[in-house]
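*Asks:* Predicted model follows, preceded by the sequence.
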Amino acid sequence: MKSLLFIITTLLASTLIFSQELTMEIPGLDDFRLPTVSEEEQASEVFDLLAAEIEWLKENPININTASRNELEKLFMLTSFQVHSLLEYRKTVGTINSLYELNYIYGFDIHTTSLIAPFVATGENKLNEPIIANKNDIKFKNVLLMRSGYKSNVKNNYAGSPLSAYFKLKGINENSIRYCFQGEKDAGEEFFSGSNSQGFDFNSAFIQIWAKTKKRKIIIGDYKVKSGQGLLIWNGFSPYKGAQSAGTIKRNQGIDGNNSKDEYNFLRGAAIECSLKKQKLYFYVSKKQIDVIADSLARNVSTSGYHRTNTEILRKNNAGELATGAMLRHEGKHLNAGLNWIYTRYNVPFQPSAEPYQVYSLFGSSVSGLSADYRLLYQKLQLFGEAAVSNSVPAIVNGVNMLVSPSLTTTLSYRHYPEGYFAPYSNALSENSRATNEQAVLTGFVWKTPWKTTLTAYSDIFSFPWLSYYTDRPLRGHEQFAELAYSPVTGTVFDILYRSEIKDKNTPEAEAATNHIKAFKRQNLRLQIKSDLAECLKTIARFEWCQAGFVDGEQQNGYLLFTDFGYKLPAGTIFSFRYTFFNTQAYDTRIYAFETDVLYTFTVPAYYGNGHKIYLMARQPLTDKFTLWFRYEKLKRFDDASKNYHGLNAQLILSF
C-alpha cells in the first residue's frame, strides 16, 4: 500500500503531456469526449475514423466568415446552438476578425474556441480553396520482437511478417480537384507474396471534383455516405453517446471521399451531389468485395479487415456487394430534413448461424431500406430524429436538445431498434455496435458553472428484446456517467470522471444447458491533471481504477497510472514520452488508454495483468519538404513474459 501511494504521489506531482496535442498541434482527442468507448475493437475503429476526420479538417480549415450552416456543422465539436449563435453574430456584427472574438458569442467559451481553433480561419480565403498542393505520406511500422502468432506459418498462425506498412498520396489542386491514394498492410499479413502477391492487403483511392459554380460534386472511387441519424447508412466517424448534443445527434449529412483506413465502412463506385438553392440531391452506386464468414451459405460479414491467419485469408473478398441509393435533403435556417433510400444486394445468400441470438441476423441476398429524418432548431430548442424501414422492419430514434441558459444544455433521446431490424451500414446511437435489438432512453446535461467548473453527466437505460452474445435471454441494463472538470487558469484542467454500467450477463457455468443470468457491474474512476506549463511544454498525469464482477459475487479490481510529457523546440522538433504502470486482477478489469502514434495515427490498447510500458515519440523536420516521425514502445509484463514486446513505428512525409 505504501509503495502504491508513493507511485500515485510521484505521478500526480510529475509533469506530462497528452502528446498528440503537440505532435498534431490540435487539441487532444480526450477533449472530444469519447471516454465511454470500452471495447478495444470498437475503440480502435472509432479513433481511426476520428483521425481521418481530423486530418481532413486540419488540411481544409473552414472560413467562419463565409461558411454556410451545413459547412460549419462539419465542426463536430460544436453544438447546433453554437453554430446558430455564430451565424446570428455574423449577421448582426459582421466580419469576425479574430478567433478570440468567438469567446464573446452566446454559448461559446475559451475551451470551445481552443477546440475549433486548428480547424477554422478568418482570412479572405474561400472555403474549398486549396490548402496544400500535393502531399505524400509514407508510413512503415515494424515490431522488432516476434509476438505470439508470428513465429511460424502453420495453421492458425500469422502468414506474414510482423511488419506493417502504410502509404498515402493525397492532394488538392487549383481546380478544386481532391484526390487520395492509400495502401495498407497490417502486421501479420503477407506482402508481395501469398494472398497479397501484388503488394498491400488493402488499397483505396478516390478523386473528387467540386464544380462550385455549377454546384456539383462528383466522386469516383471510394467514398462515404452520411444519411439522417445513421439508421440506414453512416460511413465514417460518428461521436459516441454522451451528454452533449454532439454525442447524441448526427449532422453534416452528405457524401465525401474516403480517406480512412477502415477496410469495410465505405462504398466503392461513384457518387454525385447536386445543389438546388436550399435542396440537395445525392445519387450513389457502389460495387465491392467484402469478407464473409461462410461455408455452403454465407453467414456473417467480417468487418475487421485482418487477413493474417489461414481462416482470415479464406474470408477475404469472398462475396460481392452491390449498393445503390439516393438522398433528397432540405437545408433551411431552422429545418434540416431528408428522405433516404438504399438498396443492397449480395452475390451469395446469407443465412443465420444455429446460435439462438443470431436468429434475426441477415437472411437472404438483399436489403432494401427507406427513411425520413429531420432536425428542427427554433430559438433554444432542437428536435431531431429518423424513422426507417429496412426489409419491412421499422426502427426509430428521436430526441430533443434544450439550451436552458448559456451555461446549461440538456438532452433527451429515445431509440427503438427491433430485433429484426438490419441495415448493413447503420451507425445510429446505440449500446450495441449496430442499431438492432435495442430499446433505450438517454438523458443528460452539460453545466458550465460560474466557478470555472464544467459538469457533464448522462444516464442511459436500455434493454435488448432478444438474446445477445452475452446472455441466453433478453437483458436489461443501465449506464451512468459523470465528469467534473475544473480549470483554475487557462491551460490547466483537473478532471474527475466516473462511469458505472450494470447489465445482465451469463454466469461462467458453461456446462449448464441454460446459463444462469446475473447482473454484471463494471465501474471506472479516473483522476487526471492536465497542464500547459509553457507554450512549448504540455503535461498530463492520470490514475484510473476499475472494478468488475457479478453484483452478488466477488469483485475484481485493477488500476492504471501514466505520466506523460512533451516538448516542442522552436525549429519544429517535438519530443513526447509516456510511462504507464498497470495492475489488474483479470481481463474483466482491463483499462483502456488512448495513445498517440505517428501523425494522424492512434492506438487504444487494453491494459490487463501486471506490468509497465514506455513509449517515446518524436518529429524531426529534415528539409522544407521532408518530415520524419518515429515512435518506440516497450511493454513488459511481470506476470506473463510471453506478452512482452517492443516495436518501432516510422513515418516519412513528403510535401510538395
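*Replies:* Received it, and whenever you're ready, just let me know what you need.

*Asks:* How about the helix or strand hosting S164, which residues are buried there?
*Replies:* S164 is located in strand 163-172, with elements delineated by DSSP states H and E. Buried residues in strand 163-172, counted by 16 or more other CB atoms under 10 Å: 163-172. All C-beta atoms are positioned from the backbone trio N, CA, C, and that covers glycine.

*Asks:* Sheet-wise, list the partners of the helix or strand hosting Y615 with their directions.
*Replies:* Under the assignment given by DSSP H and E, the secondary-structure element containing Y615 is strand 610-621. The sheet places strand 610-621 alongside strand 574-584 (antiparallel), strand 626-637 (antiparallel), with pairing taken from DSSP bridges.

*Asks:* Throw those strands into a markdown table and include mean pLDDT, mean neighbour count and distance to T456, thanks.
*Replies:* Conversion of the strands paired with strand 610-621 to a markdown table gives the following (pLDDT from 0 to 100; neighbours: other CB atoms under 10 Å; distance: least, CB to CB, whole Å):
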| stretch | mean pLDDT | mean neighbour count | distance to T456 |
| --- | --- | --- | --- |
| strand 574-584 | 95 | 21 | 25 |
| strand 626-637 | 90 | 17 | 31 |
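
*Asks:* so which of those gets nearest A187?
*Replies:* strand 626-637 (13.1 Å; CB to CB).

*Asks:* Now the element after the closest one, going C-ward?
*Replies:* Moving toward the C-terminus from strand 626-637, the next helix or strand (DSSP H and E) is strand 645-655.

*Asks:* can you give me the angle that following strand makes with strand 626-637?
*Replies:* Counting by axes from the mean of the first three to the mean of the last three CA atoms, to 10 degrees, strand 645-655 points 170 degrees away from the direction of strand 626-637.

*Asks:* Report the buried residues of strand 645-655.
*Replies:* Counting neighbours by 16+ other CB under 10 Å, one finds that the buried residues in strand 645-655 are 645, 647, 649, 651-653.

*Asks:* which sections of this structure are below the confidence cut-off?
*Replies:* Along the chain, the model assigns pLDDT under 70 to residues 1-48, 124-156, 174-175, 212-214, 239-240, 242-247, 509-515, 600, 656.

*Asks:* re the thing from before, export the strands paired with strand 610-621 to CSV and append columns for distance to D504.
*Replies:* Output for the strands paired with strand 610-621, formatted as CSV (distance: least, CB to CB, whole Å):
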stretch, distance to D504
strand 574-584, 23
strand 626-637, 32
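
*Asks:* so E331 sits right up against K280, yeah?
*Replies:* Yes - taking CB atoms under 8 Å as the contact criterion, E331 and K280 are neighbours in contact, 6.6 Å apart.

*Asks:* Between these two, which contacts overlap?
*Replies:* Taking CB atoms under 8 Å, 6 or more residues apart in numbering as the contact rule, E331 and K280 have no neighbour in common.

*Asks:* Name the single longest strand found in the protein.
*Replies:* In the chain, assigned by DSSP state E, the strand with the most residues is strand 517-534.

*Asks:* Could you export that one as CSV, CA atoms only?
*Replies:* As requested, C-alpha coordinates have been extracted for strand 517-534 and formatted as CSV (Å, rounded to 0.1, in the frame of the first residue of the first chain):
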residue,chain,number,x,y,z
ILE,A,517,-28.2,-14.8,-15.8
LYS,A,518,-27.0,-12.3,-13.3
ALA,A,519,-26.3,-8.6,-13.2
PHE,A,520,-22.7,-7.8,-14.0
LYS,A,521,-21.3,-4.4,-12.9
ARG,A,522,-18.3,-2.6,-14.2
GLN,A,523,-17.2,0.8,-12.8
ASN,A,524,-14.3,3.2,-13.6
LEU,A,525,-13.0,6.1,-11.7
ARG,A,526,-10.4,8.4,-13.3
LEU,A,527,-8.4,11.3,-11.8
GLN,A,528,-6.4,13.4,-14.2
ILE,A,529,-4.3,16.6,-14.1
LYS,A,530,-3.6,18.3,-17.4
SER,A,531,-1.4,21.4,-17.6
ASP,A,532,0.4,23.6,-20.2
LEU,A,533,3.5,24.6,-18.2
ALA,A,534,4.7,26.7,-21.1
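
*Asks:* hang on, the earlier thing: chain center to the strand holding Y615: distance?
*Replies:* Its chain's average C-alpha position is 23 Å from that of strand 610-621, according to CA atoms, centre = their mean, to the nearest Å.

*Asks:* For that strand, list every residue counted as buried.
*Replies:* Taking 16+ other CB under 10 Å as the basis for neighbour counts, the residues of strand 610-621 that come out buried are 610-613, 615, 617-619.

*Asks:* mind saving the C-alpha coords of that strand as CSV?
*Replies:* These are the backbone C-alpha positions of strand 610-621, laid out as CSV (Å, rounded to 0.1, in the frame of the first residue of the first chain):
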residue,chain,number,x,y,z
ASN,A,610,0.6,-6.6,-14.2
GLY,A,611,3.4,-4.7,-15.9
HIS,A,612,4.6,-1.4,-17.3
LYS,A,613,5.0,0.3,-20.7
ILE,A,614,7.0,3.2,-22.1
TYR,A,615,6.9,4.9,-25.4
LEU,A,616,8.9,7.7,-26.9
MET,A,617,7.7,9.7,-29.9
ALA,A,618,9.5,12.4,-31.9
ARG,A,619,9.0,14.6,-35.0
GLN,A,620,12.0,15.9,-36.9
PRO,A,621,11.8,18.2,-39.9
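
*Asks:* picking that back up, dump the buried residues of strand 645-655 into CSV; add distance to A270 as well.
*Replies:* Formatted as CSV, the buried residues of strand 645-655 follow (distance: CB to CB, whole Å):
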residue, distance to A270
Y645, 43
G647, 39
N649, 35
Q651, 32
L652, 33
I653, 30
